[in-house]
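Chemist: coords please:
(one chain, ligands or ions: 1)
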Amino acid sequence: MKVEFYGHVQQYLNIKDEIDAKINQVLMSGKFVLGPMGEQFEKELAAFTGMKHAIGVGNGTDAIWLTLMALGIGAGDEVITHPNTFFATAEAAWVVGATVVFVDCDPKTRCIDPTKIEAAITPRTKAIIPVHLYGQCADMPAIWAIAEKHGLKVIEDNAQAIDANGGTFRQGDRSAAVTTSFIIQKNLGCFGDGGAVYTNDPAIDAKIRKLRSHGSIKRDNHSFGFNSRLDDIQAGILSAKLKHLPEYSNARAKWAAQYTAGLKDCKAITLPTALPGYRHVWHLYAIEVKNAAKRNLLLAFLNKEGIDAKTHYSIAIHKQEGYPWGKSARIVGSVAEAEKNAASVVTLPMFPELTAEQVNYVIAKVKEWDKANA
Ligand SMILES: Cc1ncc(COP(=O)(O)O)c(C=O)c1O
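Modeler: Numbering: from 1, shown residues only. Below you'll find the predicted structure:
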C-alpha cells in the first residue's frame, strides 16, 4: 500500500465543481488582483475567525513581517519566538531588521514554553511570536499575561492551526494580530502562494492594506510599500474550501484519534500531546522517537514500506548552516527541548482524505518497527 503525505488532488476532486465555479467567476469578472473575490474572501475569513478585519497577502511569511512593520518593529527591537518552528517565523523578524530571541519549547506540546519567556525580556523587547505548532494553540492565556505585564505585542503565527482554539480562548483574543499561510500543505490551502493577517485593530488593518500594495489604497497615490497581495483566483479557491474547513478539521481529528488509539502501547516512540479542552486541528501528527539516534531508521523504514513520513523540522533554526547569516539573533537559556524535538520528530501522513485502511496500515508499520526497536 502507498500512503502519501498530502491529499491535495483528492480534495480538489471532491469539491471540483465548487472550486471550478469560483475560478470561473473570477475569470469572467476580469478582475484578478484586489478584485471582488478577494474582498469577499476577506469578509468570509474575518467572519470565520471572529476578527474585525482580514487582509489577504502574498504568503504566510509576508503576513508576519508586514504585521511587524505595521507595528513599527524593526532594527534595534527584539522579538521572542522558539527555534523549532518553520524557518519563516524567524525569517520574517529578520526581514524587518529585528533581533530574533529564541527560547525553548514546551516539552510536550512543542509550542513556545511560556515559563521561558520572561527571562528573555529586555527593554528592547517589542513582541512575542508564538506559533500554533502542528495544529494546536500555544498556551495563549499565559503568553498574553506576560505580554500585558511587560507591554509587548503578540503576533500569533497561525500558519499551521487555522480553525483551532483553546476552548476557553480564541486565536487573536488579546493579540495584535494573527497571521496565516495558505500554501497547499496547510489545513486551508490554495493552489499557489497565499497568506492573510487578521486583527481587531483598525490601525494595523489600514497599515497592512497600504503596505501590501505599493503604499496605495487610492489610484496614483502612494507611500512606501511592497507588492504582497492574495490574488483573486487563490481567494476564490479559498472561499470554496473555507466552507469545508470545519469538516476537514474534524476528519483530521478523527485520523489523529485512530493513530493515538492504535499506537498507544508503543514503547520506542512518544505520541503527540493534545491539551484537554483545546480544539487541535492536527496540521501534523508528530511522534518522537525516544532514542533520537534511531529516528532516521524509522523514517527510512516507513518510506521503504510506501509511507511518505517526513520530519517537521529536523534542523532547529539556530542549527541551520551559516546561522545567523549576519542577522541579529540571541538564544536565552537552554533550548534543549527544541533540539530534542528536531532530532527525534517523525510526522505521519495526515490529511482529511485519508482512509481508515491507510491509517491502519501506517499504524501496523509503526508498531512493527516499534516492536523491533523497543
Ligand atoms: C509556522 C509557519 N510560519 C510561517 C510559514 C510561512 O508561510 P508561507 O510559506 O506561506 O510563507 C509556514 C509555512 O510555510 C509555517 O509553517
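Chemist: residues of this protein that sit close to the ligand?
Modeler: Proximity of the chain to the ligand (C-beta under 6 Å from any ligand atom) is limited to residues 59-61, 85-86, 88-89, 131, 157, 159-160, 181, 183, 193, 195. Any C-beta I mention is one placed from the backbone N, CA and C, and that applies to glycine too.
Chemist: again, 8 Å this time
Modeler: 59-64, 85-86, 88-89, 92, 131-133, 157, 159-160, 179, 181-183, 185-186, 193-195, 283 (C-beta under 8 Å from any ligand atom).
Chemist: narrow those to just the buried residues.
Modeler: The neighbour count (16 or more other C-beta atoms under 10 Å) marks 59-64, 85-86, 88-89, 92, 131-133, 157, 159-160, 179, 181-182, 185-186, 193-195, 283 as buried among the residues of the chain next to the ligand.
Chemist: so which of those belong to strands?
Modeler: Among those, the members found in strands (DSSP state E) are Asp157, Thr179, Ser181, Gly195.
Chemist: quick one: contacts of the helix or strand hosting Lys149?
Modeler: In the assignment (DSSP states H and E), Lys149 maps to helix 140-150. Helix 140-150 is contacted from outside by 112, 114-115, 117-118, 121, 125, 128, 130, 152-154, 156, 166, 168-169, 171, 173-175, using C-beta atoms under 8 Å, 6 or more residues apart in numbering.
Chemist: show the buried residues in these.
Modeler: Buried, going by 16+ other C-beta under 10 Å: 112, 114, 117, 121, 125, 128, 130, 152-154, 156, 166, 171, 173, 175, out of the contacts of helix 140-150.
Chemist: tell me which two of these sit farthest apart.
Modeler: Thr125 and Gly166 (23.7 Å; C-beta to C-beta).
Chemist: ok, the residue in the chain positioned nearest to the ligand to Thr179 distance?
Modeler: Of all residues in the chain, Gly60 sits closest to the ligand, at 2.5 Å by C-beta to the nearest ligand atom. Distance of Gly60 to Thr179, computed by C-beta to C-beta, to the nearest Å: 6 Å.
Chemist: again, but for Tyr278
Modeler: Distance, Tyr278 to Thr179, using C-beta to C-beta: 20 Å.
Chemist: can you show me the helices along the stretch 251-374 of the chain?
Modeler: Counting by DSSP state H, counting those that start in this stretch, the segments of the stretch 251-374 of the chain that form helices are 295-304, 336-344, 356-373.
Chemist: contact partners for the nearest residue to Asn84 once chain neighbours are set aside?
Modeler: Spatial nearest neighbour of Asn84, excluding adjacent residues (C-beta to C-beta, 6 or more residues apart in numbering): Ala338 at 3.9 Å. Residues near Ala338 by C-beta under 8 Å, 6+ apart: His82, Pro83, Asn84, Phe102, Asp104, Cys105, Ala316.
Chemist: can you tell me which of the contacts of helix 140-150 end up in strands?
Modeler: Reading strands off the contacts of helix 140-150 with DSSP E, I get Thr125, Ile128, Lys153, Val154, Glu156.
Chemist: go ahead and confirm the last one touches His132.
Modeler: Yes. Glu156 is in contact with His132 according to C-beta atoms under 8 Å; the separation is 6.6 Å.
Chemist: can you work out which residues contact both of those two?
Modeler: Common neighbours of Glu156 and His132 are listed as Ala138, Gln171 (criterion: C-beta under 8 Å, 6+ apart).
Chemist: returning to what we had before: among the residues of the chain next to the ligand, which are located in helices?
Modeler: Per DSSP state H, helices hold the following members of the residues of the chain next to the ligand: Gly60, Thr61, Asp62, Ala63, Ile64, Ala88, Thr89, Ala92.
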